[in-house]
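Visitor: Give me the fold of what follows.
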Amino acid sequence: MERPLVVGLGEILWDMFPTGPQFGGAPANFACAAARQLGDTAMVEMVSAVGPDDLGTQAIAALAGQGVGNQCVQVGTLPTGQVLVSLDAKGLATYRFAEQQAWDEIRWDSDLERLARACQVVCFGTLAQRAHVSRATIEKFLAVAQQAFRLFDINIRQPYFSPEVALTGLRLANVVKLNEEELPVVGGFIGASGDWRAVAKQIRERFQLQYLAVTRGAEGAYLLSSEQEHFAAAPAIQVTSTVGAGDTYAAALVAGILAGRSIPEINQAAVILAANVCSA
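Guide: Residues are numbered from 1 along each chain as shown. Take a look at the predicted model:
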């Protein structure tokens, strides 16, 4: 059987921590986590853009080092993305993004069309849609990839988040992941009411999603389909940093779906893997 093709679609950037730069971008983190978890059972590719600079060269090398294909990582004229990251006492991150970065100009071409037609999974978010060029490319990719699991990992990064982008992404997706802060915001867009579980169910039903995941930090995560729901409690850990935990959960969600596992099996495994990232 041919190996499934999994795609990360969106920003590549370097998280500039006080301790030094770290390769990142939610879709890139997802792709790397998926490659680690799926190993030889799948092919993982990244769709993005980097600049003609040292950080761009290092980004492509970082992807290759994690087993992620980079044939659809374009080299543009804008600089490779950077974001200043600060962590609070609980390890929670805040971000300040530079403007006019390479990932703002991901351009549609025949290579992306072939990849969209061939993939079984594509993961995308909101940040890479802040500029019209990349947003148009992402929407085109998702429209072509109708046979795939289209995972919308909602990341609210102000001032680059809007109801329009969120609602369009929800309509184009069939799998959605969001966290406890994002859930009421998205629920408000559709007039959802009730407690957080009720809001999650209304979002899933409104957009006819195959799966909806809500990560709730130290509490755990909730995974919902049309047939079943499951809450997995997070293990007690000492949190070092939450950076990359949500992307690891998303990759585990995809791995479980591709393997045909049950909702409880998928969710429990994903929560444990995300916790491991937080305590590393």
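
Visitor: Where is the longest helix in the chain?
Guide: Ordering each helix of the chain by length in residues (DSSP state H) puts helix 263-279 first.

Visitor: And it, what's buried?
Guide: Neighbour-count burial for helix 263-279, counted by 16 or more other CB atoms under 10 Å, picks out 263, 266-271, 273-275, 277-278. Using the backbone N, CA and C atoms, a C-beta is placed for each residue, glycine as well.

Visitor: which residues sit against that helix?
Guide: If you take CB atoms under 8 Å, 6 or more residues apart in numbering as the criterion, helix 263-279 is touched by 37, 91, 213, 215, 220-225, 227-235, 237-242, 244-246, 248-249, 251-253, 255-257, 261.

Visitor: Return the set of buried residues in stretch 88-98.
Guide: Within stretch 88-98, the residues that count as buried by 16+ other CB under 10 Å are 95, 97.

Visitor: Tell me the spacing between Ala136 and Ile106.
Guide: 9 Å (CB to CB, to the nearest Å).

Visitor: and those two? which has more neighbours close in?
Guide: More neighbours surround Ile106 than the other of Ala136 and Ile106, with 28 against 14 (other CB atoms under 10 Å).

Visitor: would you turn the buried residues of helix 263-279 into CSV with distance to Arg171 and pLDDT?
Guide: Output for the buried residues of helix 263-279, formatted as CSV (distance: CB to CB, whole Å; pLDDT from 0 to 100):
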residue, distance to Arg171, pLDDT
Ile263, 24, 96
Ile266, 24, 97
Asn267, 25, 97
Gln268, 30, 96
Ala269, 29, 95
Ala270, 25, 95
Val271, 28, 94
Leu273, 29, 92
Ala274, 27, 89
Ala275, 32, 85
Val277, 30, 80
Cys278, 32, 73
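
Visitor: Relative to Ala148, which of those is nearest.
Guide: Among the buried residues of helix 263-279, Ile266 lies closest to Ala148 (CB to CB), at 17.7 Å.

Visitor: can you pull the contacts of Leu209?
Guide: Applying CB under 8 Å, 6+ apart to Leu209 gives the contacts 170, 173-176, 203.

Visitor: While we're on it, how confident is the model there?
Guide: Looking at Leu209, its pLDDT is 98.
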